[in-house]
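S.K.: I'll drop the sequence and a predicted model, then ask my questions.
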Amino acid sequence: MEKAKKSVRLRNRIFQFLLFFKERFDLHEGKEDELETIDYIKKNVEFKGANLWILIFAIFVASVGLNVNSTAVIIGAMLISPLMGPIMGIGMAAGINDFELLKTSLKNLGIAVLISILTSTIYFSFTPLNDAQSELLARTEPSIWDVLIALFGGLAGIVAGSRKEKSNAIPGVAIATALMPPLCTAGYGLATGNLYYFFGAFYLFFINSVFISLSTYLIVRFMNYPKKEFMDRKREKTVRNYITIFTLLTIIPSVYLAYNIVTRTFWEKSANEFLKTEMDFPRTQVIASNLNYDADSSGIEVSLIGERIDEEQIAILQRKLDAFKLKKTHLKIKQSGDTGTDMNVLRSDILKDLYERNEVLIQNKDRRIALLEREIAEYDQTSRQVMNIAREAKINHKNLESFSINRTIVAQLSDQKQDTLLMAYAKFKVRPNREETQRLTQWLKLRTNSDSVAVIIN
């Protein structure tokens, strides 16, 4: 009997625990009416009038940001951008079987993409700054992280869009998934004739768009949004078939592309680990390395300077590739003196390596110089202030003979910490009483804008 009671109590606790979590994670809590949410997304699908001009101006802003390598400007442009509308519209249309909304969303997304690439191409064709900066190069090749950001960002966007109280999540998704910079980078690729940049950037935009749409589709289906009703059953079946075909044609290639991105990311990580671990020689240095991933036959190309590595060592390194999960990977080592080695390329690699190393050293020295200059300036400022503060203190304390003030480091031995303290030394003809000492201390706190001042009286 007692066991039965314990069993009942345990089941009740488990039930309450599950109920608690269900209430906490219930997406229907605070949800806007489904038709209102559908209407809200439909309104943001259209690209005409003000929306189109906002997009053009945002593309110019983002292009300038990429051109001058300014992260803040790029983020501002992404906040302005209205690109999220048609992408979420595609996911919504697939989720509720609305073929008209799907066609409208695809048409407007196509217009937005065309206008964006055209605008950025025009900008990069006339800008005097032609170098590809780090912010631009970061948008030329998608990684596993871009896929994850697009997926989870899209989930956050549609959940936020389905609430009664709209939040800033959708602009946040536009920033996180970076929809606009890849289109600007694609325009840069066209303007400079670099098709690698164009296709790489457009590939990143495609991945982001597909996974945001997929996230929207999943949430709409999960929350049982009402599907579009048709008077004609035959028409309804045709629309559903079209939607299903479109969904499969979108999801299957994107999953395959995402798989390739994940595989390449892991391969690059293993290749870098191999270079770091195995390509470490006492009298030979790696001056350049190039990773070329291919699903069937990948390659690691390394340029060395110093004592030559013999063929036996190279064969051992090739065999070690399997231990780093680098199967179907060929190791190519270029050394000075090798037949077919381009000495100009090797010299270029050496100069590049020296330049990068020296640049880091110069930056470190610049930081140290700036720190020392700042400390000297602070010391000089404090030195000039001492005489001024001493003269002011003399007005209130007639017996004051000499005065000094400076910041010092105090070690707190109780908690093994150190703190900066303003310390003052004051010599009087006649030793002041306690009240005058307190008055001097309080005045110094106000005069120096310090929380604490230690005053030594002589």
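M.R.: Cool, got the structure.
S.K.: the helix or strand where V255 lies: what's the following helix or strand?
M.R.: In this structure, V255 sits in helix 233-278 according to DSSP states H and E. Scanning forward in sequence from helix 233-278, with DSSP H and E defining helices and strands, the next element found is strand 284-292.
S.K.: give me the sheet partners of that next one and which way each runs.
M.R.: strand 298-306 (antiparallel) (DSSP bridges).
S.K.: quick one: the strand it pairs with to helix 233-278, angle?
M.R.: 20 degrees (axes from the mean of the first three to the mean of the last three Cα atoms, to 10 degrees).
S.K.: could you list the buried residues of strand 298-306?
M.R.: Neighbour counts over strand 298-306 (16 or more other Cβ atoms under 10 Å) mark 298, 300, 302-305 as buried. Glycine gets a C-beta too; all of them are placed from N, C-alpha and C.
S.K.: let me have those residues in JSON lines, adding distance to I38 as columns.
M.R.: Compiled in JSON lines, these are given as follows (distance: Cβ to Cβ, whole Å):
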{"residue": "S298", "distance to I38": "46"}
{"residue": "I300", "distance to I38": "51"}
{"residue": "V302", "distance to I38": "56"}
{"residue": "S303", "distance to I38": "58"}
{"residue": "L304", "distance to I38": "62"}
{"residue": "I305", "distance to I38": "64"}
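S.K.: just curious, which of the residues you listed is nearest to F428?
M.R.: I305 (71.2 Å; Cβ to Cβ).
S.K.: pretty sure the closest one sits against A288.
M.R.: No. Using Cβ atoms under 8 Å, I305 makes no contact with A288, being 9.4 Å away.
S.K.: so what does the helix holding V255 touch, helix or strand wise?
M.R.: Counting contacts by 3 or more Cβ pairs under 8 Å, 6 or more residues apart in numbering; DSSP states H and E, helix 233-278 packs against helix 84-96, helix 99-126, helix 144-161, helix 195-222, strand 284-292, strand 298-306, helix 311-320.
S.K.: what's the weakest-modelled helix or strand in the chain?
M.R.: helix 169-177 (a mean of 65; mean pLDDT, DSSP states H and E).
S.K.: I figured P432 hits K398, correct?
M.R.: No. Here P432 does not reach K398: they are 10.4 Å apart, not a contact under Cβ under 8 Å.
S.K.: those two: who's more crowded?
M.R.: Neighbour count, other Cβ atoms under 10 Å: between P432 and K398, P432 has more, with 17 against 9.
S.K.: so what's that one up against?
M.R.: By Cβ atoms under 8 Å, 6 or more residues apart in numbering, the contact set of P432 is 397, 399, 440, 457.
S.K.: quick check, nearest of the residues you listed to I74?
M.R.: Comparing the contacts of P432 against I74 with Cβ to Cβ places L440 closest, at 54.3 Å.
S.K.: where's that closest one relative to V455, distance?
M.R.: Using Cβ to Cβ, to the nearest Å, we find L440 at a distance of 6 Å from V455.
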